[in-house]
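Asks: below are the sequence and a predicted model; questions follow.
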Amino acid sequence: MTQQQVQTQSQGTDPIETLLRDYARQPGVADELFDADGKRRAVWTPFLQELARQNAAEVDRSFARADQYLRDAGVFFRHYSSEGQERDWPLSHIPVILGEEEWQGICAGLSQRAELLEQVVADLYGPGRLVADGHLPASLIAGNAQWLRPMVGVPPASGHYLHFMAFELGRGPDGAWFVLSDRTQAPSGAGFALENRMATARIFPPPYPRANVYRLAGFFRAFRDAMAQLPGMEGRRSAILTPGPSTDTYFEHMYIARYLGLMLLEGDDLLVDDGQVKVRTVEGLKPIGVLWRRLDADFADPMELNEYSKIGTPGLVEALRGGHPHMINALGAGVLETRAMMAFLPKISEVLTGGPLQLPNIATWWCGQQAERDYVKKNIDRMMISDAQSCALPFNIADTMALGGSFRDTARGSVEDWLDAEGAALVGQEAVTLSTTPAWSEGRLVPRPMTVRVFGARTPEGWTFMPGGYARIGQGDATTLAMQDGGSVADVWIMSEARAPRDTLLGADQFLREEPGILPSRAADNLFWLGRYVERTESTIRLVRAYHQRLAEADNPDEPLLLDLQNYLRGYGTDVSKPVPQSLNDLLKAAQTCAGRVRDRFSTDGWAALQDLSVTTPSMAGRTEAGDEAARAMRVLLRKITGFSGLVHENMYRFSGWRFLSLGRALERSDAMVSALAQFADKGASIGALDLLVEYGDSVMTHQRRYRIETSRQTVIDLLALDDDNPRAILFQLNAMCDIAEALPGAESGGQVSPVLRKLLPLKTELAVAHPDEMTTARLIALRGQLATLSREISATYLI
Amino acid sequence: MRYDITLRMSYDYGGLADHARNLLRLVPLDLPGRQILSSHILTIDPLPYERRDGQDFFGNATTHIAFHAPVQRLAITMRARAEILAADPALDLSPPLRALPADLRAARSLGSFAPHHFLGASPRVHPRDEMTAWARGHLREGGTVREAVLRIGAALHQEMRFDAGVTDVDTDPLTAFRNRHGVCQDFSHVMIACLRGLGIPAGYVSGFLRTEPPEGQPRLEGADAMHAWVRAWCGGEGGWIEFDPTNDVIAGSDHLVVGYGRDYSDVAPVRGAVRASGRQMSGHTVDVVPLDTLEDAGRA
């Protein structure tokens, strides 16, 4: 398509006009900023005025603030294709702005559509009239992987299959909106929309008047309240069911869980017990009332659905048959996402509601019928032909097999023959033209194609829609195919005529102090191991530092103590021949993995500190020499890791989560010290070993002050094992563990202490009265075994 | 013919299995005009904490069981008395294969016997060009659907070798087809893939075979354990026929149906999830004894 400058009325040096001087709209394409007559839409004016008021440097700074916010919040974008690849969140800083009246029209159309889809799905899992009456081909439903047979005849306890939906919308050349795709399985993007809003708000901080922009929080509150009002929710919890951290939308699951105060659970956290779905927590099994499912239904129960699923909950379907828990959305609702469904909905709307769709969907023809197939053939040059059963968005090009009459892979014969042979498996969809919206490019606004995702939630008062949305901004021509990978995303503002109602997650007159959530066992396990890994890293850094300090001072790199240290560290997987050992990266990676699984319970600052460590450590590896430099590098890492521990231990709320983290840390620290003492306080240890221990235990000053003599085995054992005031000493950590264990659930019941305390108390008592001479190497080795037993007992009692 | 059926299954979890949960499909179906289930009893040892009997989408009898205390071993016994009425009508009412799509379009139903469930891919069976091409080579020009089913079944029986040691429960049908060997599950999966490739709806049947043959007849393969065969849809008039490709026979008075499904995953006798540490061991025996013969023998 040739680009052609569309004249806009020139008003000399109007700064808005300057901004728009390169805004070259394409003919035959609708635009968000300009209406069909080429007039600028009034809803954009306040925004454009503010943007025009700033000079280039100010705009850059404003946009940078938004980007910084996203980075700080840890919002990232994960590519489907390249595994684990994360890149910066691709925010297009210019929001899409819509007027209230237009918005209300969209919402009315979507309400009708949501109700219609509810009726369709209820029929597909119920009486099956639509198929029997010929409004839907049986083969299309029966051949659909998302139509889940075990769910047929299982009505949802809530009375509804659909509770939360998203719709992908576009605006056609005639200026009217249409639906590109219905998302009913596990719609994502609402949390990202919220993040886009937070970021965009930083572009023009107050006093920029955003009073007329509708806020998003009320929508989330309405949905949270709707979940809590479902029948039978007393004493039950609501949770988000996630496939886990390897999903590309995990960040959003975590974000919404934190934002709404919901538990974030994986299939393995749940257990079906006597017809109830329960979560394993550190306080035992607790019933779940609502599961907001972000997991594809087929994976939800290996017993009756996909038998190879490793992320499901066995027995979930059977529990649903008994009416528990409420599912958002019902398992099997994903069948509505099928592309071919779009071909039948206009007619089904007439049949079920007596009227046409208020908001049309993308024109779609199922090629399993002769007349439709012929139509597609005749209009092949403006058709996208793809898998009829695909649930992907229409602009997912990977799914489109033929476009404009040619195959995307050229190895086949004619498209016509193919349609005849495999018509029932194919749909044709009109290769629609989307509208354009302003995007920022090199100091000016340029038109870019866009789609908007709108979110709807069922409430007792009917469907309500998030007054905003998640816009995707494409590149190049305004066809749907411009929306594939590589585009950016933008906030959507709905402008009120008057001031928009103020609304945050907390109601104006209510202050909710929620119970601190019960800790799921898996989260506790990850926190426990996070504590252990971070402490293990610190302990390794200390030993590596001690090694390099001595290496720098030593005349001979083969000094016995250096060799002992080398061997000792090798026993822990650390090879000191590399100045920054690989094991440090591995340990940090393990810590990060644990932290990544509990990010919903973890401060953003703490996460950032851990990220910083994992970036710094490998970066030092290439440019650090053994000896002094390595020792200095270790000092830097030690400062950073202490910073992390400080953040976590100073700022984390003293609840179960913190306790398991601290328990892990204390256990690891005792274990590391016992092990070091067994090696370096042994009678046969090399010269200098005792001083090494005192330094490792960060107790040089204390030792000097306390004993005023040279180190001896007795003084070192006294200070590092038996001292209850030295945070590096074993007894101190045993005391700390006892304090924590006494605060854990079930510490005492019926006059019996918990199994964990039963293991801990004798150890603590023994060390409290022991004489240094009694702490022989043999005793220390035995103590390590007892600590390992203790760790297993903690796992068995709380973590599995 | 009436039969007494005894099925014994045992599992030894090695270590302790925590929160074991199983879905059992072991009880023969009651099928008007095809087979009558007179009585049955399914016992589970140790006694499960939860047990619920029900039906799945295809009408198969299901039993859900769960244990909330650790179990070390599990013994399942199913006894049933059933009568097989089936005499397959030799009359071929099925349409020519090329007319089958019209019959399919006319079948506007998603009920459990609707043919549409049994076309295309199912969890364990995906039609593959290689198998479809082979199947096409065994068709007679202008032949009926039923004829196609019998020809392909016979051809598979001829080319595939029954061998209990070469495949397992998760073997892909294409692998079994390429190697031309396997057990009843593989024979059935391959035949289903071939038929679906030709557009013939085909499903999986699990069930029991009479253990000892009538005098003078050979013992059927697969009689020592649960057996599997194929069900194919021969159009609106022709209906469903059941064919046993392992033995190259139309399933008749020796084939007792336990479950219908798209493939093994829909009718797996025991589906389960355990959090177990040790290695699992299992055992499985079946006895299908004709009652009338017993009575005859008693009288003699």
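Replies: Sure thing, it's come through.
Asks: is residue A:239 in a helix, a strand, or coil?
Replies: strand (DSSP: H, G, I helix; E, B strand; the rest coil).
Asks: ok, now the one 5 residues further on?
Replies: The three-state assignment at residue A:244 reads coil, by three-state DSSP.
Asks: surely it and residue A:266 touch.
Replies: Yes. Applying CB atoms under 8 Å, one finds residue A:244 in contact with residue A:266, separated by 5.1 Å. From N, CA and C alone the C-beta is placed, and that goes for glycine too.
Asks: what touches both of these two?
Replies: residue A:311 (CB atoms under 8 Å, 6 or more residues apart in numbering or on different chains).
Asks: these two: which has the busier surroundings?
Replies: Set residue A:244 next to residue A:266 and count neighbours by other CB atoms under 10 Å in any protein chain shown: residue A:266 wins out with 21 against 17.
Asks: that one and chain B, how far apart?
Replies: 15 Å (CB to the nearest CB, to the nearest Å).
Asks: I'd assumed residue A:427 was in a strand, is it?
Replies: Yes. Assessed by three-state DSSP, residue A:427 belongs to a strand.
Asks: the residue of the stretch 451-600 of chain A found nearest chain B: neighbouring residues, count only.
Replies: Nearest residue of the stretch 451-600 of chain A to chain B (CB to the nearest CB) works out as residue A:521 at 12.7 Å. Applying other CB under 10 Å, we find 23 residues neighbouring residue A:521.
Asks: ok, and for the helix or strand containing residue A:418, which residues are buried?
Replies: Secondary structure assignment for residue A:418, by DSSP states H and E: helix A:415-422. Buried residues in helix A:415-422, defined by neighbour count with 16 or more other CB atoms under 10 Å in any protein chain shown: A:415, A:418, A:419.
Asks: just send the residues you listed back as TSV, with distance to residue B:175 and pLDDT too.
Replies: Below are the buried residues of helix A:415-422 laid out as TSV (distance: CB to CB, whole Å; pLDDT from 0 to 100):
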residue	distance to residue B:175	pLDDT
A:415	34	83
A:418	29	85
A:419	33	89
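Asks: who's in contact with the residue nearest to residue B:120 when sequence neighbours are not counted?
Replies: Sequence neighbours aside, residue A:143 is the residue nearest to residue B:120 in space, at 4.7 Å (criterion: CB to CB, 6 or more residues apart in numbering or on different chains). Taking CB under 8 Å, 6+ apart, we find residue A:143 in contact with A:389, B:116, B:119, B:120.
Asks: among those residues, which one sits closest to residue A:708?
Replies: Set against residue A:708, the nearest of these by CB to CB is residue A:389 (81.9 Å).
Asks: what is the burial count for residue B:140?
Replies: Residue B:140, neighbours per other CB under 10 Å, totals 10.
Asks: ok, which stretches of the stretch 51-200 of chain B are helices?
Replies: Taking DSSP state H, counting those that start in this stretch to define them, one finds helices in the stretch 51-200 of chain B at B:100-106, B:129-136, B:145-159, B:173-179, B:184-197.
Asks: for these, which one sits closest to residue B:249?
Replies: Closest among the helices of the stretch 51-200 of chain B, using CB to CB: helix B:145-159, at 8.9 Å.
Asks: show the average pLDDT along stretch B:46-53.
Replies: Across stretch B:46-53, the average pLDDT comes to 94.
Asks: just checking, what packs against the helix holding residue A:418?
Replies: helix A:370-378, strand A:406-407 (3 or more CB pairs under 8 Å, 6 or more residues apart in numbering or on different chains; DSSP states H and E).
Asks: now with 6 Å, please.
Replies: Packing partners of helix A:415-422 (3 or more CB pairs under 6 Å, 6 or more residues apart in numbering or on different chains; DSSP states H and E): none among the helices and strands.
Asks: just want the most central residue of the chain.
Replies: All of this is about chain A. Nearest to the mean C-alpha position of chain A, by CA atoms, centre = their mean, lies residue A:251 at 1.5 Å.
Asks: look at chain B instead
Replies: residue B:206 (2.0 Å).
Asks: gap between that residue and chain A?
Replies: Taking CB to the nearest CB, one finds residue B:206 at 15 Å from chain A.
Asks: next one: residue B:216
Replies: In terms of CB to the nearest CB, residue B:216 sits 42 Å off from chain A.
Asks: and the residue nearest to the centre of chain B, which of the three is it?
Replies: Following three-state DSSP, residue B:206 is assigned to strand.
Asks: that one and residue B:258 touch, don't they?
Replies: Yes. The criterion here is CB atoms under 6 Å, and residue B:206 meets it with residue B:258 at 5.0 Å.
Asks: tell me the SS of residue B:4?
Replies: strand.
Asks: which residues touch it?
Replies: Neighbour list for residue B:4: B:81, B:289, B:291 [criterion: CB atoms under 6 Å, 6 or more residues apart in numbering or on different chains].
Asks: and if you look at residue A:674?
Replies: Counted by CB under 6 Å, 6+ apart, residue A:674 has contacts A:780, A:783, A:784.
Asks: please identify which of these is nearest to chain B.
Replies: Closest to chain B, out of all of the contacts of residue A:674 and judged by CB to the nearest CB, is residue A:784, at 23.8 Å.
Asks: so that closest one sits in a helix?
Replies: Yes. Counting by three-state DSSP, residue A:784 is located in a helix.
Asks: now it: closest residue in space that isn't a chain neighbour?
Replies: Per CB to CB, 6+ apart, closest to residue A:784 is residue A:674, 5.2 Å.
Asks: do the same with residue A:427
Replies: residue A:388 is the one closest to residue A:427 (CB to CB, 6+ apart), at 4.5 Å.
Asks: okay, that neighbour: pLDDT?
Replies: Taking residue A:388 on its own, its pLDDT is 92.
Asks: show me what contacts it?
Replies: Residue A:388 neighbours (CB under 6 Å, 6+ apart): A:340, A:425, A:426, A:427.
Asks: ok, 10 Å please
Replies: Residue A:388 makes contacts with A:137, A:139-140, A:143-144, A:338-341, A:343, A:364-368, A:422-428, as judged by CB atoms under 10 Å, 6 or more residues apart in numbering or on different chains.
Asks: equivalent analysis for residue A:714, please.
Replies: Taking CB under 10 Å, 6+ apart, we find residue A:714 in contact with A:681, A:707, A:771, A:772, A:773, A:775.
Asks: what's the answer for residue B:202, then?
Replies: By CB under 10 Å, 6+ apart, residue B:202 lies in contact with B:115, B:118-119, B:122, B:125, B:127, B:149, B:152, B:188, B:191-196, B:230-233, B:240, B:243, B:262-263.
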